[in-house]
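K.L.:
below: sequence and its predicted model.
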Amino acid sequence: MAALRFRHATCASALGLVLTALSPAGAQQAADPLAGVPPTETPQPGQTGSRPDQAATDQGADVGAAEDIVITGVRASLSSAQSIKRNAKQIVDSVVAEDIGKLPDNNVVEALQRVPGIQVSPRARGESATVLIRGLPDVVTVVNGRNIFSTTGRSLSLADVPADLVAGVDVYKSRAADQIEGGIAGLINVRTRRPFDFKGAEVAVAARQVYSEQPDTIDPYASLLLSNRWSTGIGDLGALVSVSFHQTRYRDETIYGGGFFGYNLDNTRAPYTPGFPLDPRGTSASEPRVFRTDVIGAIDRIGKRERPAVNGSLQWRPDPRLTITADGLFYGFRDRGNSNQNFTSLEGRLAAPLTFKGDTKLVDRISTLGSRVAVFGAVNDNVADRYQGALSAEWLANGWRVYTEGSYTRSVATDRVASVDVDFIARQTNGFFNFEGSGTPRFELPFDDIADPSRYFLSRLNTQRTEGKGEELTFRSDIAYTEPLGVFTELAAGARINRRNAGSQAFNQILNCSATGALRCYTARAIDVPGLMTTTPGDFYEGVRPFVRQWASPSTQGVLDNVGLLRQRFGAAPGDPGFQQTLGFDIVEKSYAGYVQASFEVGRLDGQMGVRVVKNDITSNASRAVRGVVTPITISSDGVDVLPSITARYKLRDNLFLRASASSTITRPSFAQLNPALTLTPPVPGQQPFGRGTSGNAELKPVRSTNFDLAAEWYIDRSSSITATVFRRSVTGFIQSVTSNVQIDYLGADNGTYQVVSPQNSGSGKLTGIEGGFTYFPRFLDGFGVSANGTYIDGVNRAFSPLPGRTGFLEIPFENVSKFSATATLIYEKNGLSTRASYVWRDAYNAGLHFTGVNPNGITNGAINNLDVSIAYDLNPKFTVVFDATNILRDLYQTSFTDPALYPRDTVLYSRMFAVGIRARL
């Protein structure tokens, strides 16, 4: 196995990290695979002034002992990440691959959860998918410094990046003028490998078998890297190709309760005002109603996801001054699954007196006669492909560095959804809300078998199809003078031009049973549709919570095979209805950016300052429909953004720094939010006094943030450090759905005031926090190490009130932001054995607002904690066996309407996963 060797003599001369292959005599030595791109190679685009790969090799000679220190595996990964952080001009944290094909986690998102200031989403469908940097989700994702995205979105989900192909991931929490604009939260750069990263030929193979406990399946993960370089008569040539394939079969189990509503004592729904909570302890004289959730149900979500990926690179260095690089990548995504959902609304006559929670009016137990029991089989079939190609050249001579690049990115996706609803009337339904126990509700049917397919009737069919596309053509050029010039150590300038196109087309067809239509309710048996019905696995929440273990449900293949027949049963044509013009749009965005930037050094003070100016032109094409008449519409907008930034570092000692940073950043609206289509429904006399409508907003402005950071960093030795950062974010122009009164004067008799829901720039917010990290490998505990970090975030967002009768702003916590979060990792590495046990915890957090029902308006997600373990053992210098276990604690994930003791909501169970595999470098 490769080892990372630090030698003081080479550190003093800035040669830094060298990877030595511990292989038989005469075997080829490999260059450092941890640094992504060496400083003498092609720079990462967007990092002309301060590159993370450059930082990895710019070590000082002041730390550590004179003897050789050999580190491998997790410690090498942490040491290289520390080197990047220490030497970067900006405030940056990194995760570096332990070896080829071995990022420290199953995917990029989960690797980032151990970075200070990072919070990630729970492991839905077998993986974490969303990253927040210091409480904000608006992140720019780039691969090798180049923008990459998903169809009509602004960024790429990091879960779609195969971890096996990653050399490292850099999280920029402060911004520089030479980086792509966008992302008020920060920028995440994923670095892949190139052939000039290696001294010569390199072959690396990784294969794993992953066992997922809840679906009881074993899936393959595999990757292959082939690379070589040659010295020829026309210069150095290099070629690299890496491929990977991941398959995951997942199963998420959820038990849920709906919102809380008021009911009369005869179990009929009582009137209420949305968004105005009622006291559950109100007296009978002042509040005669009782309160309970409107439904109890469960979701057994089962599916399979596949991710094929290819990354390739060609490099040519005709002489030491010029390097030409061609890069290409393909990321694929395939996901087919079925959300098997059941629920009962517990309406109907009471079969027994109600029981309550203590002295409240919250119903704890109910028994009804003639309640509806429904099951939904919602099948999703999603396919997405992303392609990127780039050609770049770097010229280095006489203190000048010139970098030029052109790239093309294309993303296409097709999402199909088909949902079949079936139901029956139960003779008796008993509901238990379980306030005094776990807070997880349940229901039982004493006289009906919910797993009997013959009990169900067809009630609803919903089919949807969305096809999205996105393309971007980009050209950029950067020039820098790298010789000292007074207090300036580097002067740089550059420009970037890009043209982005994003479009979507869709249909959404809903067919219901009715009393008089083609399909009458409770007349068409579901089992009469061939192959439609099946039963779910019989172990739902087994050994965890009491609930029905199995129920009948439309199957994945049964739904997909019978869509045409089902449409006919509901009285519609069997084929797809065709795309609806009002659901489609096409948007063209042209951006012109330029920057100037200077790096400076005065004694112990150094840093970087610059400004980036961006002009943005957008043309939006869509359609509006009024009373069935569709009218094309085109709207154009433009704007100029000036984004200054400055970062400074003061060296109190050679290994003790203070950093300060200030910058201005923006996040542009998504292309779906810019869709200007307006759909209007005129008022109905005597029923609906106002007309209603929905619309996008082509006039949306970017969200803006002013950012300040102050950091202290103490580097104890090459692998140990203590760091802390205080930060503040002031954000304006949050995008929110707002209902506005709009005067319509082109509809003749239907002219008047319309209540139109559209996205608007509204409100502002502030986030303040502190994050700290600690990594230590004590010499007196040979082989042991610990890495830990913690983050505190406090913030409030001022948003428009969406409630009728309320005007002005509501002050609410930021969504999906835990006030406290922490991670701790215990490491042991010695004699070829590398182990890591990592614990991640985040506090309860606000997950959004809920203005339906009499419960409090907030949704609170409970605290989350995960324990992961990774073990690797070198069989010999070429082969390593690995074992990984994730989500070992298998803790339940619970949500509530603000107060879990009074208003529980969901209980979710995610799967444990275990993997065994082997890595080889040949």
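P.N.:
Cool, the structure landed. Numbering: from 1, shown residues only.
K.L.:
measure the residue nearest to Asn147 when sequence neighbours are not counted to Leu643 for me?
P.N.:
Excluding the flanking residues, the one nearest Asn147 by C-beta to C-beta, 6 or more residues apart in numbering is Ile180, at 5.6 Å. Any C-beta I mention is one placed from the backbone N, CA and C, and that applies to glycine too. Per C-beta to C-beta, to the nearest Å, Ile180 is found 11 Å from Leu643.
K.L.:
and if you look at Phe276?
P.N.:
Plainly put, Phe276 is 43 Å away from Leu643 if you go by C-beta to C-beta.
K.L.:
who's more crowded, those two?
P.N.:
Leu643 (21 against 14; other C-beta atoms under 10 Å).
K.L.:
hmm, Ala163 and Asn107 touching each other?
P.N.:
Yes: with contact defined as C-beta atoms under 8 Å, Asn107 reaches Ala163; the gap is 5.1 Å.
K.L.:
those two: who's more crowded?
P.N.:
The neighbour comparison of Asn107 against Ala163 (other C-beta under 10 Å) goes to Ala163, with 26 against 23.
K.L.:
how much space between that one and Ala97?
P.N.:
Ala163 is 8 Å from Ala97, where distance means C-beta to C-beta.
K.L.:
that older thread, ok, now which ones touch the residue nearest to Asn147?
P.N.:
Residues near Ile180 by C-beta atoms under 8 Å, 6 or more residues apart in numbering: Gly46, Val140, Val142, Gly145, Asn147, Leu187, Arg496.
K.L.:
helix or strand: which one has the second one?
P.N.:
Following DSSP states H and E, one finds Val140 within strand 139-143.
K.L.:
need the contact list for Leu458.
P.N.:
Leu458 makes contact with Val420, Asp421, Val422, Cys513, Leu519, Ala524, Arg525, Ala526, Val529, Leu566, Arg569, Phe570, according to C-beta under 8 Å, 6+ apart.
K.L.:
after the one helix or strand it maps to, next one along is what?
P.N.:
Assessed by DSSP H and E, Leu458 sits inside strand 457-481. Once the chain leaves strand 457-481, the next helix or strand it forms, by DSSP H and E, is strand 488-512.
K.L.:
that following strand packs against which elements?
P.N.:
strand 457-481, strand 580-602 (3 or more C-beta pairs under 8 Å, 6 or more residues apart in numbering; DSSP states H and E).
K.L.:
buried residues, that strand. List them.
P.N.:
Residues 489-494, 496, 498, 500-507, 509, 511 are the ones in strand 488-512 that count as buried (16 or more other C-beta atoms under 10 Å).
K.L.:
same deal with stretch 639-657?
P.N.:
The neighbour-count check on stretch 639-657 (16+ other C-beta under 10 Å) flags Asp641, Leu643, Ser645, Ile646, Thr647, Ala648, Arg649, Asn655, Phe657 as buried.
K.L.:
quick check: the farthest pair among those?
P.N.:
Farthest pair in the buried residues of stretch 639-657 (C-beta to C-beta) is Asp641 and Asn655. Separation: 38.2 Å.
K.L.:
quick check: end-to-end length of stretch 758-772?
P.N.:
End-to-end distance of stretch 758-772 (C-alpha to C-alpha, to the nearest Å): 40 Å.
K.L.:
residues contacting the helix or strand hosting Asn430, please?
P.N.:
Using DSSP H and E, Asn430 falls within strand 428-432. Outside strand 428-432, the residues that touch it by C-beta under 8 Å, 6+ apart are 296, 344, 346, 348, 351, 364-369, 371, 373, 441-447.
K.L.:
can you select the buried ones among these for me in ChimeraX?
P.N.:
Buried residues among the contacts of strand 428-432 (16+ other C-beta under 10 Å), as a ChimeraX selection:
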select :296,344,346,348,351,364,365,366,367,368,371,373,441,442,443,444,445
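K.L.:
domain ranges for this structure?
P.N.:
The chain resolves into domains spanning 2-207, 240-921 when parsed by automatic domain parsing.
K.L.:
please state the mean pLDDT value computed over the shortest one.
P.N.:
What domain 2-207 shows for mean pLDDT is 69.
K.L.:
please apply the same query to stretch 863-878.
P.N.:
Here stretch 863-878 scores 93 as its mean pLDDT.
K.L.:
quick check: buried residues in that stretch?
P.N.:
Using 16+ other C-beta under 10 Å as the test for burial, stretch 863-878 gives Ile864, Asn866, Leu867, Asp868, Ser870, Ile871, Ala872, Asp874, Pro877, Lys878.
K.L.:
redo those as CSV? Include secondary structure and distance to Asn434.
P.N.:
As requested, the buried residues of stretch 863-878 are arranged in CSV below (DSSP: H, G, I helix; E, B strand; the rest coil; distance: C-beta to C-beta, whole Å):
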residue, secondary structure, distance to Asn434
Ile864, strand, 21
Asn866, strand, 25
Leu867, strand, 27
Asp868, strand, 31
Ser870, strand, 37
Ile871, strand, 39
Ala872, strand, 43
Asp874, strand, 51
Pro877, coil, 57
Lys878, coil, 56
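K.L.:
now render these as JSON lines, adding distance to Gly733.
P.N.:
Formatted as JSON lines, the buried residues of stretch 863-878 follow (distance: C-beta to C-beta, whole Å):
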{"residue": "Ile864", "distance to Gly733": "30"}
{"residue": "Asn866", "distance to Gly733": "35"}
{"residue": "Leu867", "distance to Gly733": "40"}
{"residue": "Asp868", "distance to Gly733": "38"}
{"residue": "Ser870", "distance to Gly733": "42"}
{"residue": "Ile871", "distance to Gly733": "48"}
{"residue": "Ala872", "distance to Gly733": "47"}
{"residue": "Asp874", "distance to Gly733": "53"}
{"residue": "Pro877", "distance to Gly733": "56"}
{"residue": "Lys878", "distance to Gly733": "55"}
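K.L.:
quick check, nearest of those residues to Ser661?
P.N.:
Looking at those and their distance to Ser661, the nearest is Ile864, at 29.8 Å (C-beta to C-beta).
K.L.:
need the contact list for the residue nearest to Arg692 when sequence neighbours are not counted.
P.N.:
Excluding its sequence neighbours, the residue lying closest to Arg692 (C-beta to C-beta, 6+ apart) is Thr681, at 4.8 Å. By C-beta under 8 Å, 6+ apart, Thr681 lies in contact with Gly691, Arg692, Gly693.
K.L.:
go on, Glu542?
P.N.:
Counting by C-beta under 8 Å, 6+ apart, Glu542 makes contact with Arg549.
K.L.:
quick check: Ile635 touching Pro676?
P.N.:
Yes: between Ile635 and Pro676 there is a contact under C-beta under 8 Å: 4.7 Å.
K.L.:
looking at those two, which one has more neighbours?
P.N.:
Between Ile635 and Pro676, Pro676 has the larger neighbour count (other C-beta under 10 Å), namely 21 against 17.
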